[in-house]
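*Asks:* would you be able to build a 3D model of this:
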Amino acid sequence: GILNNVTFRNIIAKGEQGIIVRGNISILQNIHFENISLVINRWSNVTEHPSHDYRPSQEPQMSWAEVDGIFALDINEFYLQDINIEFNQPKQYYYGQCLNLSNITQM
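*Replies:* From the prediction side, this is the model:
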C-alpha cells in the first residue's frame with residue numbers, strides 16, 4: 001500500500017527520542033509536519049543506548065543511532081513548516097542533529 005497526503009499538525013511533545021519517518025519512496029508520499037514543538041530530554045536510562053526502533057518491520061528492526069529531532073528517510077515529497085526542536089541541557093553524548101534527512105525527493 002501507499003501512505004499518501006498525511007499531515008501532522010499542532011503537536012507539542014516531550015520525550016527521550018526524536019521523530020522517525022522512514023519508508024520507501026514508492027510508499028511514503030506527500031508527508032507534512034506543521035506547527036510541531038519537540039523537546040528532547042533525558043530523565044531515565046532508556047537512552048543510555050539510543051537507537052532507531054523500526055518495529056514492526058523487516059531487518060534491521062533496531063539500529064544504534066544518535067537521537068535526532070527529526071530523522072526522515074526515503075520519502076517522496078516531505079514538507080516541514082514551523083518546526084521547533086529543543087535539546088535540553090546538559091547536552092548528552094548521543095544528541096544528534098535537529099534534522100537528519102536522507103533520500104528525500106522533494107522538500
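*Asks:* what's the neighbour count on residue 71?
*Replies:* Look at residue 71: counted by other Cβ atoms under 10 Å, it has 21 neighbours. (C-beta placed from N, C-alpha, C; glycine too.)
*Asks:* where does pLDDT dip in this protein?
*Replies:* For the chain, applying pLDDT under 70 flags the ranges 46-49, 59.
*Asks:* quick one: the strands in this structure, in order.
*Replies:* 3-15, 19-22, 28-40, 51-53, 62-64, 70-87, 99-104 (DSSP state E).
*Asks:* against which helices or strands is the third one packed?
*Replies:* Spelled out, it's strand 28-40. With contacts defined as 3 or more Cβ pairs under 8 Å, 6 or more residues apart in numbering; DSSP states H and E, the packing partners of strand 28-40 are strand 3-15, strand 19-22, strand 70-87.
*Asks:* contacting residues around the shortest one?
*Replies:* Residues from elsewhere that reach strand 19-22, judged by Cβ atoms under 8 Å, 6 or more residues apart in numbering: 28, 31, 33, 36, 38, 52-54, 69-75, 78.
*Asks:* before I go, just wanted to say thanks for your time.
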